[in-house]
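1. Quick one, structure for this:
(one chain, ligands or ions: 2)
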Amino acid sequence: MAMSREVCEEYAKELEKLAYKLLGLIALSLGLPQNRFHGFFKDQISFVRLNHYPPCPVPHLALGISRHKDAGALTILAQDDVGGLEVKRKTDGKWLWVKPTPNAYIINVGDIIQVWSNETYESVEHRMIVNSEKERFSIPFFFNPAHYTIVKPLEELTNERNPAKYRSYNWGKFFVTKKKSNFKKLDVENIQIFHFRVPKSELE
Ligand SMILES: O=C(O)CCC(=O)C(=O)O
Ligand SMILES: [Fe+2]
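-> Numbers count the residues shown, from 1 in each chain. Ligands and ions are numbered 1, 2, ... in the order given. The predicted structure follows:
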């Protein structure tokens, strides 16, 4: 898939606009001013990735992408009609196939919005299963705040009755640590958002 630097940059610029719109809607849905999150993205470290998954006769041995949650704020995913993305349903732990919808994006809320919203929003666990016959392309855009952002539940959304469910953490450090395990088929990721979860016993 040939994509020139200019096309890639233009694509990222347009998706950034879409991401700000979504962020505004999420803020409003939480009862916050529309631009509440915008400041975190002044020096954002967002990026586009071009994924190519060649066909593989033994899919379970292939790389694909093993189960994970997106660590950033939002992911906007464009995919072709092959499919292979699965999301885990929280209620019963079942993996559900995400049916490709032509000309539609898949929007993933990431861990950061889970923490900012003190779990009103939750990032979903997902994975990518390679196809035995067809190659697949996908283009995720990862919308991430500045690396120096200290992520923690927003003060407006926490109080005595609803205490912060997460300890604060440095986003850049989290990102770099996670990167070290990227694309390895680990059963357990090296750093996960629940490591920053305040234990239930301390919340009561
Ligand atoms: O290719 C896909 O559909 C998913 C990619 C993905 O989950 C990721 O890069 O974080
Ligand atoms: Fe992902």
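2. List the buried residues in the longest helix seen in the chain.
-> For the chain, the helix with the greatest residue count under DSSP state H is helix 5-29. Across helix 5-29, burial judged by 16 or more other CB atoms under 10 Å covers 15-16, 19-20, 22-24, 26-27. For glycine as for every other residue, the C-beta is placed from the backbone atoms N, C-alpha and C.
3. Would you reformat those as CSV and include pLDDT?
-> What follows is these, written out as CSV (pLDDT from 0 to 100):
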residue, pLDDT
15, 97
16, 97
19, 98
20, 98
22, 98
23, 98
24, 98
26, 98
27, 98
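4. Please render those residues as CSV that adds distance to ligand 1 to the earlier fields.
-> Below are those laid out as CSV (distance: CB to the nearest ligand atom, whole Å):
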residue, distance to ligand 1
15, 14
16, 18
19, 15
20, 21
22, 17
23, 19
24, 23
26, 19
27, 24
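5. so which helix or strand takes in the one residue in the chain that gets nearest to ligand 1?
-> Relative to ligand 1, the nearest point of the chain is residue 138 (3.4 Å; CB to the nearest ligand atom). Following DSSP states H and E, one finds residue 138 within strand 136-143.
6. what's the pLDDT at the residue of the chain closest to ligand 1?
-> Note for residue 138: predicted pLDDT of 95.
7. Compute the distance between it and residue 51, please.
-> Plainly put, residue 138 is 5 Å away from residue 51 if you go by CB to CB, to the nearest Å.
8. returning to that earlier point: what sits up against the helix or strand following the longest helix of the chain?
-> Under the assignment DSSP H and E, the closest C-terminal helix or strand after helix 5-29 is strand 47-48. Here strand 47-48 makes contact (CB atoms under 8 Å, 6 or more residues apart in numbering) with 8, 11-12, 15, 139-142, 144.
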